[in-house]
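Student: please work out how this folds:
(chains A and B)
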Amino acid sequence: MTENRTPAGGTGDRLLAGLAGLAADAPDGLLDRIAARWVSVPGPIGELRVAFTDQGVAYVHAGDGFAEAFRARFGRPLLPAGARTRPPAGLLPALRTGRAAGLRLDLRGMSDFQRDVLETARTIPRGEVRPYAWIAARIGRPKAVRAVGTALANNPVPLLLPCHRVTRSDGAAGEYVFGTPAKERLLLAEGVDLERLRRLAGERVFYLASDTTGIVCFPTCHNARRIAPAHRHGFRTLALARAAGYRPCRTCRPAQGLASQASGPGSGLGGM
Amino acid sequence: MCKALLDDLDEGFAELYAAYRNLVFSTALRLSGRWACAEDLTAEAFLRAYRALAGYDRDRIAALQPRAWLMTVLMNLWRNWARTKARKPPPDLRDEPVDAVDPGQDVEAAAVRRETGDELAELLRQLPEEQRAAVVLRHVVDLPISEIATVLKIPQGTVKSHVSRGLRRLRALGGAR
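Tutor: Numbers count the residues shown, from 1 in each chain, chains lettered A, B, ... in the order given. A predicted model of the protein is given here:
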């Protein structure tokens, strides 16, 4: 900035030279506080665009309109990633394995409610699903089931915060940022047997219990998947399972806030 | 620059940043006297500029004088910042650490900078705000008087008198030491 200078007060003016010397270069990393960076990466449902800041991954997008959607949502410049601005470590493995627990995410600008919802969804393991009402109950807002759906639909980092693992209790996959068919494909790829969940739901079975352990689970809980058919019992509500002497699983935690569900006649599983 | 912004807002912004980052940062640094404040002000000014550009139509962007416009954004930000600071219980500036050194610079360069620049930077902070702004814009970052008038929204004659009073005051302050 100093090379084109023509000192106004003549060459001998130390004050003006001193002032000119007060110019300073902006620190190198400053742009990363202003702009986000983006990369294109392979994902389980095709090519993804991922935006990240110095805080972590901020946005995951599939299909067209990435830059426009990012701008509308974050109001921040979006520049291609460079050699000095790599995406956070672990992004590719997280997308490949569906396990993203250690990945840094930039969740600024999110409401506390949405953050609670998404952080709770983050605890659902790969290969399992939970109902919307379970999230609502876990965050202490049992009546906010619709708001939970909205918060999940607005998830800025789908796949990394696995909102696709929250499904309707009737066995239908439910809404998804990338569309319901993508959600079904993802869940199948993660080993969730949606067909079986729908069959169970058709029989009004939403919980599975084992008479050898005395424990009742969500059907996709890894503990429930181990129950031998001869020892497996289905229940419509948790209250019914409890009345039959089963205690809620400590892994999938179906108890949370759901005990108040309306009770009714349970259904045995018959030929399951 | 305007064409780049019209072609692609994000790429154009990257050009805008590359062209004016040192100008904005130097101004923010010498107005605020703090490295951390200068970083905050610079980041915020560019972010606001981007958000404003995203809302402008093509004609407005095409007619933009990017440098003067960007510096106006910075000066508005600085005025708000200074006003907010003034409302808080006044921290005694003399008790605060003098102008933090760029953590990225090596020790020798920092020492040289300290000897030559810091005393003057400290004097600059003792100027009334409008004189400091005029002197910094004119003699630290070398903007022409006409552009300073636009940025500060005052007549050119007033800019000149702020600059000359500011310089006179700096000489007096420097001589008194």
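
Student: any idea of the pLDDT on the residue in the stretch 151-272 of chain A that chain B sits nearest to?
Tutor: In the stretch 151-272 of chain A, no residue comes nearer to chain B than A:P156, which is 18.2 Å away by C-beta to the nearest C-beta. All C-beta spots, glycine's among them, are computed from the backbone N, C-alpha and C. pLDDT recorded at A:P156 is 96.

Student: that one reaches A:G56, doesn't it?
Tutor: No: look at A:P156 against A:G56 with C-beta atoms under 8 Å: they stay out of range, at 11.2 Å.

Student: so who does A:L188 touch?
Tutor: With contact taken as C-beta atoms under 8 Å, 6 or more residues apart in numbering or on different chains, A:L188 is in contact with A:L194.

Student: look at A:P156 and A:G56 and report which has more neighbours.
Tutor: More crowded of A:P156 and A:G56, by other C-beta atoms under 10 Å in any protein chain shown: A:P156, with 24 against 17.

Student: for that one, which non-adjacent residue is spatially closest?
Tutor: Distance criterion C-beta to C-beta, 6 or more residues apart in numbering or on different chains; nearest residue to A:P156, sequence neighbours excluded, is A:Y59 at 5.0 Å.

Student: can you list contacts of the helix or strand harbouring that neighbour?
Tutor: Using DSSP states H and E, A:Y59 falls within strand A:56-62. Strand A:56-62 is contacted from outside by A:36, A:43, A:45-52, A:69-70, A:73-74, A:87-88, A:91, A:103-107, A:156-160, A:178, A:182, using C-beta under 8 Å, 6+ apart.

Student: starting at the chain centroid, how far to the longest helix along chain B?
Tutor: Counting by DSSP state H, the longest helix found in chain B is helix B:9-32. Helix B:9-32 sits 10 Å away from the centroid of its parent chain (C-alpha atoms, centre = their mean, to the nearest Å).

Student: and it, what's buried?
Tutor: Along helix B:9-32, these residues count as buried under the neighbour rule (16 or more other C-beta atoms under 10 Å in any protein chain shown): B:9-10, B:12-14, B:16-17, B:20-32.

Student: now do that helix, average pLDDT.
Tutor: Regarding helix B:9-32, the rounded mean pLDDT is 96.

Student: helix or strand next in line after the strand holding A:Y59, which one?
Tutor: Next in line after strand A:56-62, if elements are assigned by DSSP H and E, sits helix A:66-74.

Student: and whichever helix or strand comes after that following helix, what does it pack onto?
Tutor: Note on helix A:66-74: by DSSP H and E, the next helix or strand toward the C-terminus is strand A:78-80. Secondary-structure packing of strand A:78-80 (3 or more C-beta pairs under 8 Å, 6 or more residues apart in numbering or on different chains; DSSP states H and E): strand A:36-43, helix A:66-74, helix B:9-32.

Student: can I get the ones you listed in TSV including distance to A:T213?
Tutor: Output for the helices and strands packed on strand A:78-80, formatted as TSV (distance: least, C-beta to C-beta, whole Å):
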stretch	distance to A:T213
strand A:36-43	37
helix A:66-74	46
helix B:9-32	56
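
Student: of the ones you listed, which approaches A:D170 most closely?
Tutor: A:D170 sits nearest to strand A:36-43 of all the helices and strands packed on strand A:78-80, at 27.8 Å, using C-beta to C-beta.

Student: just the buried positions in the closest one, please.
Tutor: A:A36, A:R37, A:W38, A:V39, A:G43.

Student: contact partners for A:L208?
Tutor: So A:L208 contacts A:L200, A:V216, A:C217, A:F218, A:P219, A:C221, A:A224, A:I227, A:R232, A:H233, A:G234, A:F235 (C-beta under 8 Å, 6+ apart).

Student: and those, which of them are buried?
Tutor: With burial judged by 16+ other C-beta under 10 Å, the buried subset of the contacts of A:L208 is A:L200, A:V216, A:C217, A:F218, A:P219, A:C221, A:A224, A:I227, A:R232, A:H233, A:G234, A:F235.

Student: now name the helix or strand holding the first one.
Tutor: Okay, so that is A:L200. Element membership for A:L200, per DSSP H and E: helix A:194-202.

Student: report the mean confidence score over that helix.
Tutor: Confidence for helix A:194-202, expressed as mean pLDDT, is 92.

Student: residues in contact with that helix?
Tutor: Outside helix A:194-202, the residues that touch it by C-beta under 8 Å, 6+ apart are A:129, A:167, A:169-173, A:184, A:187-188, A:206, A:208, A:219-220, A:234, A:272.

Student: of these, which is the most crowded?
Tutor: The most crowded member of the contacts of helix A:194-202 is A:L208, carrying 27 neighbours; neighbours defined as other C-beta under 10 Å.

Student: interface residues of chain B facing chain A?
Tutor: Within chain B, the residues that sit near chain A (C-beta under 8 Å from any C-beta of the partner chain) are B:9-11, B:13-14, B:17, B:21-26, B:29-30, B:39, B:42-43, B:46-47, B:50-51, B:54, B:102, B:104, B:116-117, B:120-121, B:124, B:135-136, B:138-142, B:167, B:170-171, B:174.
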